[in-house]
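Asks: Return atomic coordinates for the entry below.
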Amino acid sequence: MRMLEALAAASAPLSVSDLGAAIGVDQPRASRLVQQGVAHGFVRREADPDDARRTRIALTDDCLLYTSPSPRDVEE
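Replies: Residues are numbered from 1 along each chain as shown. Take a look at the predicted model:
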């Protein structure tokens, strides 16, 4: 859940290393979490336009529906 919250709070997709730093895990653990997230359809990998060797991790549109605050949550 921390991974999804970190991605939802980020202003742009994160690298696996940046995601790991955001949630307090090392890069290998972050990579495994991303693999699980991709398998469940929560996150997607996309090419980093600045560095072809890296991928960035972003929430899928379906997952955004679950992680975005509802209008009721914003009012409280």
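
Asks: C-alpha only now, for contacts and for neighbours.
Replies: Fine.

Asks: so Met3 is in which element?
Replies: In this structure, Met3 sits in helix 2-9 according to DSSP states H and E.

Asks: Could you do Arg56 as well?
Replies: Using DSSP H and E, Arg56 falls within strand 55-59.

Asks: If we go by neighbour counts, what in that strand is buried?
Replies: Residues Thr55, Arg56, Ile57, Ala58, Leu59 are the ones in strand 55-59 that count as buried (16 or more other C-alpha atoms under 10 Å).

Asks: Is Leu19 in contact with Ala6, as I believe?
Replies: Yes. Counting by C-alpha atoms under 8 Å, Leu19 does reach Ala6; the two are 7.2 Å apart.

Asks: all strands for this protein, in order.
Replies: Here the chain has its strands, by DSSP state E, at 14-15, 43-47, 55-59.

Asks: How far away from the center of its chain is the second one?
Replies: Same thing as strand 43-47. Its chain's C-alpha centre lies 9 Å from the corresponding centre of strand 43-47 when counted by C-alpha atoms, centre = their mean, to the nearest Å.

Asks: likewise the first one?
Replies: Offset of strand 14-15 from its chain centre (C-alpha atoms, centre = their mean): 8 Å.

Asks: tell me which strands and helices that strand is in contact with?
Replies: Using 3 or more C-alpha pairs under 8 Å, 6 or more residues apart in numbering; DSSP states H and E as the contact criterion, the secondary-structure elements in contact with strand 14-15 are strand 55-59.

Asks: pull the CA atoms of the strand it packs on into CSV?
Replies: Coordinates of the C-alpha atoms in strand 55-59 are reproduced here as CSV (Å, rounded to 0.1, in the frame of the first residue of the first chain):
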residue,chain,number,x,y,z
THR,A,55,12.0,2.8,-16.6
ARG,A,56,9.6,4.9,-14.5
ILE,A,57,6.7,3.5,-12.5
ALA,A,58,3.2,5.0,-12.6
LEU,A,59,-0.2,4.1,-11.4
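
Asks: Name the residues that touch it?
Replies: Under the contact criterion C-alpha atoms under 8 Å, 6 or more residues apart in numbering, strand 55-59 has outside partners 4, 7-8, 12-16, 34, 42-48.

Asks: how about a cut-off of 6 Å?
Replies: Residues external to strand 55-59 that are found in contact with it (C-alpha atoms under 6 Å, 6 or more residues apart in numbering): Pro13, Leu14, Ser15, Phe42, Val43, Arg44, Arg45, Glu46, Ala47, Asp48.

Asks: Cool, thanks, signing off.
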